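1. Could you look at this predicted model? Sequence included:
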Amino acid sequence: MSSLEAKFPQNPPLKIQKLVLGAQIGLRILTIALTLAATLVVLTSRQLTVAFGVPVDARYSYSPTFKFFAVANAIVCVLSILSLLLVFFLCRQGSNPAKFYYFFLHDLSMTLLVLAGSAAATAEGYIGRYGNTHSGWMPICEYVGKFCNKMTTSVILSYLSFACLVMLTILSASKSRLIQV
């Protein structure tokens with residue numbers, strides 16, 4: 001029976017390890033910034049206007065979809081901060097493919113969470129902007145344009161964080177595939 005050390009190939013050159021570590025840190029910082037910005041834009045999006053003589057108050061908190069979107073981005077932001085701290089801690093112990101497998105699982109779950117929130121907010125935003133004539137839902141963005149524009153900005157930021165998380169997932173998966181069983 002082979003020992004645990006024999007299951008893992010030798011460490012790649014130091015230059016490649018530093019490049020991968022730099023990419024991990026950079027993408028995680030970018031993900032934190034994008035999800036934090038998306039969350040803050042959602043939480044501050046509010047508009048009060050009058051349509052057809054009726055006061056209309058548009059807030060993210062009136063929609064379960066937008067609540068989920070805000071919470072999903074906040075969770076991804078907090079867990080990305082924790083994973084960044086974990087990268088700093090684990091980088092001192094050397095490169096081990098088994099560690100990257102756990103980062104792969106973490107990054108994949110964060111990718112799916114931010115994608116679910118973004119997709120839900122996109123669907124609701126589409127109905128708000130263009131309506132649905134078959135259901136009798138009229139577009140409302142012409143009345144609450146400021147709110148719709150802030151939500152659109154937040155969704156774009158969230159999709160950018162999704163792209164960063166996809167790159168992190170691919171990076172972690174490529175490093176964890178070096179595990180030999």
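-> Perfect, thanks for sending it. Residues are numbered from 1 along each chain as shown.
2. which parts of stretch 165-174 are buried?
-> By 16 or more other CB atoms under 10 Å, the buried positions in stretch 165-174 come out as L165, V166, M167, L168, T169, L171, S172, A173. C-beta here means a position set from N, CA and C on the backbone, and glycine is covered the same way.
3. The closest residue to A123 other than its chain neighbours: which element?
-> Closest residue to A123 apart from its sequence neighbours, by CB to CB, 6 or more residues apart in numbering: T65 at 7.5 Å. Secondary structure from DSSP states H and E places T65 in helix 64-91.
4. just to revisit the earlier point, now, which of the buried residues of stretch 165-174 sits nearest M110?
-> Set against M110, the nearest of the buried residues of stretch 165-174 by CB to CB is L165 (5.4 Å).
5. So in this protein, which helix runs the longest?
-> helix 97-130 (DSSP state H).
6. May I see the buried residues of the helix holding T65?
-> Neighbour counts over helix 64-91 (16+ other CB under 10 Å) mark 65-66, 68-70, 72-77, 79-81, 83-84, 90-91 as buried.
7. Please name every helix or strand in contact with it.
-> Counting by 3 or more CB pairs under 8 Å, 6 or more residues apart in numbering; DSSP states H and E, the packing neighbours recorded for helix 64-91 are helix 14-43, helix 97-130, helix 145-176.
8. Now that helix: average pLDDT?
-> Helix 64-91 shows an average pLDDT of 93 in the prediction.
9. if we can go back for a sec, nearest to L108, of the buried residues of stretch 165-174?
-> Lowest distance from L108 to the buried residues of stretch 165-174 (CB to CB) belongs to T169, with 5.2 Å.
10. Setting aside sequence neighbours, what's the nearest residue to that closest one?
-> Closest residue in space to T169, ignoring its immediate chain neighbours: D107 at 4.3 Å, by CB to CB, 6+ apart.
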